[in-house]
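Undergrad: predicted model and sequence below, questions to follow.
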Amino acid sequence: MADSQPITLQTFDVIPPSSTWVGTVRKFARTKPLGAFSFVVILVMVFVALFGQWLAPYSYDDIDIPNRLISPSLTYPAGTDAQGRDQFSRLIYGANTSVLIGFGTVIVSGLIATTIGIISGYKAGLFDVIVQRVVDIWQAFPGLIFVIFVVAIFGASRVTLIFTMGLLFSAGASRLVRGATMAISSEAYIEAARSLGATDLRIWLQHVLPNVVPVIIISMTVQVGGAILLESSLSFLGFGTPPPFPSWGRMLNDAQSHMTSAPYLAVFPGLAIALAVYAFNMFGDALRDVLDPRLRGSR
Amino acid sequence: MTKYAIRRSLLVIPTLIGVTMVIFMAVRFLPGDVIDQIAGDFGAASPEFRQALLKYYSLDRSIPQQYITWMGDIARGDLGTSIISGRSVGGEVVQRLPATFQLGLMAMIIGLAIGIPVGVLASVKQDTRTDYVARSISITLLAIPHFWLALLTITYGFILFRWTPPIRYQPLWVDPISSFQTLWVPAIILSGSLGAIVMRLTRSTMLEVLRQDYVRTARAKGLAERLVLRRHAARNAMIPVVTVIGLQVPNLIGGTVILESIFSIPGMGSYLFYSIQMRDYPVVQGVVLLSAFAVIMSNLIVDLSYSLIDPRIRYSGR
């Protein structure tokens, strides 16, 4: 029985379904080259964020006034800022801020959105109506203004930012999870589980959750890009992560005061933000095409 | 249709009440009492002075009482009075809103004027070089932060062309030319991501519509391709685009706030930032409420116009 399988495959000239990790990755790289490229960018970024301390030639707050505002050179690949701090090292440390806040936000958002979306979508009825009105309220605030507002009240720290932005992003994501849950709730296997006396909690965890995971993963991936963009906007406006630890947005804010003498200061942090956001957007798109072909092109 | 419109419009009320409660409660958490801000050193020296100020601004009453007073004022169209400047929030908003509104509207018009035709073009020329270039540009635009583009424009605009953004904003009705001169650069920058989203969506819905039977019929009866696109395809492809425009309003508001601060435009953004720093409760409340109101109303308008464009929506319950 086992021997006959490869023969069948050869006869019909079918590509064997890749069951291994390596196979899946290789297939992904072949069909989605941009997605694979983006994934590599993401890996590099996470690596830099984790090990930046040992990768950066200087510390983020090595002040060196005599060497201030030096244009990019071999010693200082991205130049130095007004305090003589090496911009390249600060860019490396800045990855830490972006990655931490980006991933932290989507984890918070993903947890809230999954819980609310599954319960609201499965319970339906009055409970669903009430929850959805609350989500409406939540979505009525323009994102940036909402976060500035909360940060002004509770102060800007990484934790505040992560929870505020996670809360903000979870509203939209919860709608996606709710929609997927509603579609699944009418399936026969849910009915079967219920008639066997399974508790609601068991149905949510055993039967609904595994089926909405693709939706959650896709929305989380794209949201990382959004979170990085929002954090950098906030830091640029002076409401983001507090100095002196670098954030790409704050580096751009600092660059504003030296526009004529050191224009290069405005270039590299912006490139870093754009590349990071681009990578997460493209990887999310590729994931969506692979995991959930029905959603292709919708956005 | 009217039944749907009424039901949908009524839904706005609980949302608005919820929004006012969230804002009101959040503002009560603001650290650094505004009274301390005004009283300065006097406040610590004389508790009576502090008490008098609290009474003057009705901050001594219970929180539910304050909320009800505030709601009553809003219902009468009074957004409150700035504690710092003593001027009415409504009056200040009337002066500042035109700049913000004009910037947002200009960006939206530019975004649509570029996004829709390019989207249609990309769909018609699917998988050609034109399509590829249009898609690459739009994906890139989605990743570039507005404020970085603005910063680069100002930096290199000065270095290369000795161009500096005009800083005196004049309302449209006072001096239309100078008003456009001040806003056209930020408006183009702001329109980038909106245009990119509209372009992508137009392209994908057009691709879907172009495969429909009625498009084939229109072509089969010998209608000129230009008319097929304009009358049959594009008109139907626009329905989802309308929704996306509505969903982009919050982003547009956020974008104007940032660009106002970079281009020193005296709009709602600078007012909000200043008031947050000064802990000016009534102003913060008023401005955040207005921004939420704008989002709620734009969603309402989108839903209603959606049901006008697409009759199928009216008959489905919700």
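TA: The structure has been received and is ready for your questions. This is a predicted model, so every value here is computed, not measured.

Undergrad: tell me the residues of the stretch 101-250 of chain B that contact chain A?
TA: The stretch 101-250 of chain B has residues B:139-140, B:142-148, B:151-152, B:154-156, B:158-159, B:197, B:200-201, B:204, B:207, B:249-250 near chain A, with proximity defined as Cβ under 8 Å from any Cβ of the partner chain. (Glycine included, C-beta is placed from N, CA and C.)

Undergrad: so which elements touch the biggest helix by length in chain A?
TA: Secondary structure of chain A per DSSP state H: the longest helix is helix A:87-123. Here helix A:87-123 touches helix A:33-55, helix A:125-139, helix A:158-185, helix A:209-237, helix A:248-255, helix A:268-291, going by 3 or more Cβ pairs under 8 Å, 6 or more residues apart in numbering or on different chains; DSSP states H and E.

Undergrad: OK, contacts around the residue nearest to the spatial centre of chain B?
TA: The residue lying closest to the centre of chain B (Cα atoms, centre = their mean) is residue B:253, at 3.0 Å. By Cβ atoms under 8 Å, 6 or more residues apart in numbering or on different chains, the contact set of residue B:253 is A:142, A:144-145, B:104, B:291, B:294-295.

Undergrad: of all those, which comes closest to residue A:41?
TA: Among the contacts of residue B:253, residue A:144 lies closest to residue A:41 (Cβ to Cβ), at 25.5 Å.

Undergrad: please identify the helix or strand for that closest one.
TA: helix A:143-154 (DSSP states H and E).

Undergrad: doesn't residue A:141 make contact with residue B:288?
TA: Yes: between residue B:288 and residue A:141 a contact is recorded at 7.3 Å, counting by Cβ atoms under 8 Å.

Undergrad: and for these two, which residues touch both?
TA: residue A:149.

Undergrad: mind listing the strands for the stretch 151-300 of chain B?
TA: Using DSSP state E, counting those that start in this stretch, the stretch 151-300 of chain B contains no strands.

Undergrad: how about it: which residue is closest to chain A?
TA: With Cβ to the nearest Cβ as the measure, residue B:254 is the residue of the stretch 151-300 of chain B nearest to chain A, at 3.3 Å.

Undergrad: could you find the closest non-adjacent residue to whatever residue of the stretch 1-150 of chain A ends up closest to chain B?
TA: Nearest to chain B in the stretch 1-150 of chain A, going by Cβ to the nearest Cβ, is residue A:144, at a distance of 3.3 Å. Counting by Cβ to Cβ, 6 or more residues apart in numbering or on different chains, residue B:254 is the residue found nearest to residue A:144 once chain neighbours are left out, at 3.3 Å.

Undergrad: what sits against the one you found?
TA: A:142-145, A:233 are the contacts of residue B:254 under Cβ under 8 Å, 6+ apart.

Undergrad: same question, residue A:283
TA: Contact analysis of residue A:283 by Cβ under 8 Å, 6+ apart lists A:35, A:38-39, A:42, A:221.

Undergrad: check residue A:282 too.
TA: By Cβ under 8 Å, 6+ apart, the contact list for residue A:282 reads A:34-35, A:37-38, B:139.

Undergrad: please identify which of these is nearest to residue B:56.
TA: Of all the contacts of residue A:282, the one with the least separation from residue B:56 (Cβ to Cβ) is residue B:139, at 55.6 Å.

Undergrad: next, that closest one: secondary structure please.
TA: Assigned state for residue B:139: helix (three-state reduction, DSSP: H, G, I helix; E, B strand; the rest coil).

Undergrad: surely it is in contact with residue A:281?
TA: Yes: Residue B:139 is within contact range of residue A:281, at 7.0 Å (criterion: Cβ under 8 Å).

Undergrad: give me the number of residues near residue A:203?
TA: By the criterion of other Cβ atoms under 10 Å in any protein chain shown, residue A:203 has 19 neighbours.
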